[in-house]
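K.L.:
model this:
(chains A and B)
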Amino acid sequence: MTKVIMDPVTRIEGHMKLEVDVDDTTHKITSAKCIGTMFRGFETIVLNRDPRDAAPILSAICGVCHSDHHLNSVRAVENAAGLTKYSSDYAYEQTSLPKNAVLSRNIVLGADWAYSHAAHLLVLAGPDYQLYDLLTALSKSVVVNNYADLLKWVIIPAQAMMHQLITLWGGKAPHQRGAVPGGNPVRPTADVIVKSKELVSEFRKILDVAAPVIWNYLTAKALELSALGPGPGNFVSMGAFQDPTTSSGTDKMPSIFPRGVILSPSTTPVPFDPSKITEDTSASWYDQSSPTPVIGEQTPIPNMSKTGAYTWAKSPRYAGVACESGPLARDYVAGIYPKLGQAIHGIISAVPGLPLNPKGSVFDRMAARAVELVALIGSNNTAPNLQVLGKPLNISLVDVLKLLGLPQNGLMDTWLGAMQVGAPAYTPYQNPQNAEGIGLWEAPRGSLFHWIRIKSQKTDDYQVIAPTTWNVSPNGPLEGALVGTPVGQTGTTADLRPASYVVRSFDLCLACTVHAVDARGNDRYVRVGL
Amino acid sequence: MGVSAVVSMYAGDIANVFAQSAKANDGKVHLIWLPLGGDTGCTVSMLQASNPNLIDAVTDLQVSADFWQALMTPDYDFGWVSAGYTSEDKAHVPLMNAAFGNAPVDVLVVEGTPQIGTPPGGSPGDYCWIGEYNGKPASGYQLLQKLAAKAGWVVAVGQCSSFGGIPAGKGNLTQAVPVTKALKAAGVTTKNPVVNIAGCPAHPDWTLVTLASVLQGFTPELDELGRPKAFFSSIIHDNCPRRGAYDMGQFAQSFDDPVGCYWKLGCKGPITNSSCAVTKWNSGTSFCTQSGPMCWGCMHPNFPDSPTSPFFNQVELTPTFLGLNVDTVAEAAGIGTAVVLGVHAVHHAMTSKKKTDQTETPRTKGESQ
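P.N.:
Next comes the predicted model:
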């Protein structure tokens, strides 16, 4: 048995150490430990403050998915104040917020997803895939001779466009702090809408060239990549992008990426129920061991001497089981990804459907992320140049959007078009005296859960479960996905390539994962009111 | 204003600065980007730099980014591969060689808050580990001490490393402190004053201008809190696009008010020193009092504690704050004056050999929990 340590793991957000045991005969990973190595403790910092102050503070849980914690904290507070309510099965939301507020949040967070997915596919994961041979493909239209050129002329400008879009609606990026309980700051003007549409359109031009290249590269390696990194087969999605444009308006808004859970061996989503979430800390550096419902949880304090503990990450569980979270999980729950699979199966019968691996895989995670990018931004590319397994599908990006029932101009442009120019984006808000509220959202990396308890108009308790916490938790999806992964014996960077594929397919964010401990009611620590 | 006049005016100078600095040693400026208790937001912010952009700064200008966890890959080299990151299990090599070995460190950039506390059952600094040295985890605090002692310049990029920021907010458990305070606690002295680029996140254009300045060997003019005066001398309120509304007593009643001044809703522009209103953000697109609900005070030394919070409470416009009389400034026909001063300061920093006397003023927050 050989132990391999990757510490720090690079091109993820934050601090993670990976320890794997490799069998000396089979050269495959037999066990893996993901170790979150940095702890800050956000949930104590928001205590005893004005509930509205939680959002601008929790925003800094993550600077990569930098709009999501801010928004979801606002959503939790609005839920506590009764401005926004969930239906009993959590499938719909009713809100007193103006339609413009809902739409501008969708736009800001859509831009956040688009930038984040592009950054993951190209900057974080891209180098593992030789940048999908983009240098060759793009050299026809721009001067790109090397990675620096690609960054300078394509990747950095593209992600900057999405940040500029966020800035138009939230003030700056990263860390726009635009949303406040009650709504958003920008009453839409034609000027801002046109500028925003231009940014989406410019981004779309780049995506129309890059997306088929990335898709064809990944699908050419689909057999290899779909065998790597199977998850637990359980998937969770907490829902994103509420739709106020149906005939019910803001009274009954479905999530465009719906809430739901798929629990193996079933492949059918069932309604999401936040009361089924627990957190287990038996293998984490906290002085508590038994699983606790996250709602009302008084999380333990740090204890690095606990036997069997090896990480700052906790283990969230749904109905007692580990779940994968991320683009694959929510596109699976939403039915978008299986629908694409059926269409592909109809063209190339050798492809059974999507996900290619029912438990998820490196391929499925990467492909789902790419599909989301196109769904948000739309496409003008009608060239039937998409392939699978190196064989032509004879369909275009535009065809894919039609197959999925998505607008050709993309969700972002659709939301911009639905804005009511000059109409309010804010409705008055008052802190409730005593209340509890839940924020449910999907960050680029997966499901985001915020829960607040307000007492005497102050934050009395706060819990966050971040996307990567689901994925890197002890005995969670990533540790399991690494088992069976081959490790090369050539002495080159290729040896750890399969493991890299698996690790980065989850698009990890460790700062989000280890954000928190709650010392509520614990007199060992000073609690300072303001 | 489009792209900041301050920044664009000196874009050419920056190129020269980097090139000259590179000639000083092996043709490269060796940079370590140390991630402590932060959220990588400042790295993402650097990707938004527009003039020059980050790749111009790194490639054309001969920077060897020997360690930058969020961006480095063994397949493409911006310095990290030549510094020893040749496979996925060797990411720690450039960092450890710089901290404990003989590898040169011209500039140490610190992103995130040093956490100097001891977790129950652990050792000092155990709230943050980055890699192993001699078979043991190296703490962020230990690495900071080693690297800061040998670095030509230590630049604290962002609110966390400059002033402690959100991880050092009241209620924190980890004894999160500013870089200056962490170094003082450890008895480490630096070759030059620590430069603090405040902000959550740090403004990318201001950061690159400042880095260019220090790389050339000039001390940028720093204020009493270690911030480059060029970017932190003026108060946001003075240059706010809603300032006219304030002067006329037109105050916003709601957060989506298109024109009214946000002061009474809690805006921290009147107490926050920064050039946000001048350069704006994201290639001059907008900023927080233009397209946001207010200034949150994210560059104020005490952010996120009083007086920046409670965020939704109106701040007192006291007669003097941070040495500046808000009311007097308001009365003066001074809009634009601060901009000119800022430009002058940058020019001064980059063309004069004169070093300023600079006494670091350590922050006092975040030490007792």
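K.L.:
any idea how far residue A:344 is from the residue in chain A that chain B sits nearest to?
P.N.:
Here chain A gets closest to chain B at one residue, residue A:63, 2.0 Å apart by C-beta to the nearest C-beta. C-beta here means a position set from N, CA and C on the backbone, and glycine is covered the same way. Using C-beta to C-beta, to the nearest Å, we find residue A:63 at a distance of 37 Å from residue A:344.
K.L.:
so for the two, which residue has more residues nearby?
P.N.:
Counted by other C-beta atoms under 10 Å in any protein chain shown, residue A:63 and residue A:344 do not tie: residue A:63 has more neighbours, with 30 against 24.
K.L.:
is it correct that the residue of chain A closest to chain B falls within a strand?
P.N.:
No - in this structure, residue A:63 is coil, not part of a strand, as judged by DSSP: H, G, I helix; E, B strand; the rest coil.
K.L.:
mind listing what the spatially closest residue to it that is not a sequence neighbour touches?
P.N.:
Excluding the flanking residues, the one nearest residue A:63 by C-beta to C-beta, 6 or more residues apart in numbering or on different chains is residue B:41, at 2.0 Å. The contact partners of residue B:41, taken as C-beta atoms under 8 Å, 6 or more residues apart in numbering or on different chains, are A:60, A:62-64, A:66, A:174-175, B:158, B:200-201.
K.L.:
tell me, how many residues neighbour the residue of the stretch 101-250 of chain B found nearest chain A?
P.N.:
Per C-beta to the nearest C-beta, residue B:121 is where the stretch 101-250 of chain B lies closest to chain A, at 3.0 Å. By other C-beta under 10 Å, 14 other residues sit near residue B:121.
K.L.:
helix, strand, or coil at it?
P.N.:
Per three-state DSSP, the local secondary structure of residue B:121 is coil.
K.L.:
cool, the one 4 residues further on as well?
P.N.:
Applying three-state DSSP to residue B:125 yields a three-state assignment of coil.
K.L.:
list the residues that contact it.
P.N.:
Residue B:125 makes contacts with B:115-116, B:118, B:139-142, as judged by C-beta under 8 Å, 6+ apart.
K.L.:
show the pLDDT at it.
P.N.:
You'll see residue B:125 listed with a pLDDT of 96.
K.L.:
any idea how far it lies from residue A:146?
P.N.:
39 Å.
K.L.:
what's the offset of the helix or strand in which residue B:181 is found from the middle of its chain?
P.N.:
According to DSSP states H and E, residue B:181 maps onto helix B:179-186. With C-alpha atoms, centre = their mean, to the nearest Å as the basis, helix B:179-186 stands 17 Å off its chain's centre.
K.L.:
and the helix or strand just after it, what's its mean pLDDT?
P.N.:
Sequence-wise, the next helix or strand downstream of helix B:179-186 (DSSP H and E) is strand B:195-197. If you average the pLDDT over strand B:195-197, you get 97.
K.L.:
so does strand B:195-197 get close to chain A?
P.N.:
No - shown here: strand B:195-197 not in contact with chain A (C-beta under 8 Å from any C-beta of the partner chain), separated by at least 14.5 Å.
K.L.:
for chain A, what's the nearest residue on the stretch 201-350 of chain B?
P.N.:
Residue nearest to chain A within the stretch 201-350 of chain B (C-beta to the nearest C-beta): residue B:292, separated by 2.8 Å.
K.L.:
so which bits of the stretch 351-500 of chain A are right by chain B?
P.N.:
Checking the stretch 351-500 of chain A against chain B by C-beta under 8 Å from any C-beta, the hits are A:424-426, A:428, A:492-493, A:495-496, A:499-500.
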